[in-house]
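S.K.: fold the following for me, if possible:
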Amino acid sequence: MQKKPFGTTESAIRWHPDAEKAVGKAPFFVRKRIRARVENKARENGKKIVTLAEVKATQQRFLNQQDKEIKGYQIDTCFGHTGCPMRAVSSDTLVAQIETIFQQADLISFLKREVGGNLKFHHEFRVTVADCPNACSQPQIKDIGIIGAVMPQTTDEVCSLCEACVEVCKEAAIKLSDSEASPQIDPDFCVRCGQCVPVCPTGTIVSGQTGYRVLLGGRLGRHPRLAIELPGLYDEATVLKIISACIGLYKQKSRNGVRFAHLLTDQDVDRLADQFNKPSNPSSS
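M.R.: You can find the predicted model right below:
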């Protein structure tokens with residue numbers, strides 16, 4: 001049985017193993033675009049399976065017309081609404097609003113002025129949204145990474161000491177003991193995935209504060225750096241304000257198309273943390 005590519009559905013066009021291997025060699029930040037172009041072209045030609053020939057032809061056209069493909073930013077998501085069982089929040093409306101902010105910012109015109117030549121994909125501002133702390137869309141290495149999170153909390157409901165929460169927690173953040181009336185959740189170990197909530201049969205653990213973690217300044221390349229996390233959980237409105245502030249900072253500091261992740265300093269992160277350290281009340285539902 002052929003392995004299904006990441007993020008595809010059962011109705012997706014099939015791929016020959018050689019074609020899969022060839023696309024896998026492309027830089028990760030253009031792989032999704034190349035895959036989409038290849039599949040669209042194969043469908044136009046009435047093909048039911050993508051072969052190496054389609055990949056090579058599309059890849060050549062894609063790279064030769066790179067400047068026409070660039071829009072100034074990239075927004076990636078994880079599985080999300082396609083059925084990820086680990087989903088902590090629903091980011092569907094957030095992603096659409098992020099797209100609107102970047103369209104209004106007109107980064108493509110800004111980059112054309114700053115670069116003064118042919119634009120490349122590495123010039124684009126990169127944002128990714130993950131609906132749970134598993135972070136399949138790699139928010140830790142993007143200019144802005146957004147991770148859905150839910151903080152579990154305990155109630156007055158009597159705990160049955162079934163240990164379902166302890167077993168499901170991969171971080172060993174939950175402790176049970178006969179001397180305590182309810183589970184003890186260690187916030188220093190909890191990654192706010194919320195997986196302990198649905199397995200609790202008594203309602204002793206429920207969803208508390210729900211929102212998004214925001215990470216800034218991640219990158220790969222010659223000098224890789226993991227993104228720095230702003231403190232707290234933020235609702236959609238505050239996340240959008242943070243993104244707008246980052247775009248403003250980027251336009252203020254960027255010269256010759258230098259990426260946001262290379263421009264962001266520790267002082268910038270501290271200022272943004274101070275500016276948004278009182279997030280609006282995220283949903284508790």
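S.K.: what ranges does the stretch 51-200 of the chain have for its strands?
M.R.: 73-77, 125-130, 144-154, 174-175, 184-185 (DSSP state E, counting those that start in this stretch).
S.K.: okay, those strands in JSON lines with mean neighbour count and mean pLDDT next?
M.R.: Any C-beta I mention is one placed from the backbone N, CA and C, and that applies to glycine too. Shown next, in JSON lines, are those (neighbours: other C-beta atoms under 10 Å; pLDDT from 0 to 100):
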{"stretch": "strand 73-77", "mean neighbour count": "20", "mean pLDDT": "87"}
{"stretch": "strand 125-130", "mean neighbour count": "26", "mean pLDDT": "93"}
{"stretch": "strand 144-154", "mean neighbour count": "24", "mean pLDDT": "94"}
{"stretch": "strand 174-175", "mean neighbour count": "18", "mean pLDDT": "94"}
{"stretch": "strand 184-185", "mean neighbour count": "15", "mean pLDDT": "94"}
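S.K.: can I get those in CSV with distance to Val38?
M.R.: Output for the strands of the stretch 51-200 of the chain, formatted as CSV (distance: least, C-beta to C-beta, whole Å):
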stretch, distance to Val38
strand 73-77, 18
strand 125-130, 22
strand 144-154, 27
strand 174-175, 45
strand 184-185, 46
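S.K.: measure the nearest residue to Arg255 once chain neighbours are set aside to Gln184 for me?
M.R.: Nearest non-adjacent residue to Arg255, counting by C-beta to C-beta, 6 or more residues apart in numbering: Glu114, 6.2 Å away. Glu114 sits 52 Å away from Gln184, going by C-beta to C-beta, to the nearest Å.
S.K.: how about Leu111?
M.R.: Applying C-beta to C-beta, the value for Leu111 to Gln184 is 51 Å.
S.K.: now do Gly203
M.R.: Distance, Gly203 to Gln184, by C-beta to C-beta: 17 Å.
S.K.: same question, Asp268
M.R.: From Asp268 across to Gln184, the span is 37 Å (C-beta to C-beta).
S.K.: now swap in Ile242 and tell me
M.R.: In this view, Ile242 and Gln184 are 32 Å apart by C-beta to C-beta.
S.K.: can you give the distance from stretch 132-141 to the centre of its chain?
M.R.: 5 Å (C-alpha atoms, centre = their mean, to the nearest Å).
S.K.: for that stretch, output the C-alpha coordinates as CSV.
M.R.: Provided in CSV are the C-alpha atoms of stretch 132-141 (Å, rounded to 0.1, in the frame of the first residue of the first chain):
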residue,chain,number,x,y,z
CYS,A,132,-1.4,21.8,19.1
PRO,A,133,2.0,21.7,20.9
ASN,A,134,3.1,18.8,18.6
ALA,A,135,3.8,21.6,16.2
CYS,A,136,3.9,19.6,12.9
SER,A,137,4.2,22.8,10.9
GLN,A,138,7.5,23.7,12.6
PRO,A,139,6.6,27.1,14.3
GLN,A,140,9.9,27.0,16.1
ILE,A,141,11.9,27.8,13.0
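S.K.: that stretch - what's its average pLDDT?
M.R.: Per-residue pLDDT over stretch 132-141 has a mean of 89.
S.K.: show me the contact partners of that stretch.
M.R.: 6, 76-79, 84, 86-89, 128-130, 145-149, 191-194, 213, 215, 218-220, 224, 226-227 (C-beta atoms under 8 Å, 6 or more residues apart in numbering).
S.K.: one more pass at 6 Å, please.
M.R.: 76-78, 86-88, 128, 130, 145, 147-148, 191, 193, 215, 218, 220, 226-227 (C-beta atoms under 6 Å, 6 or more residues apart in numbering).
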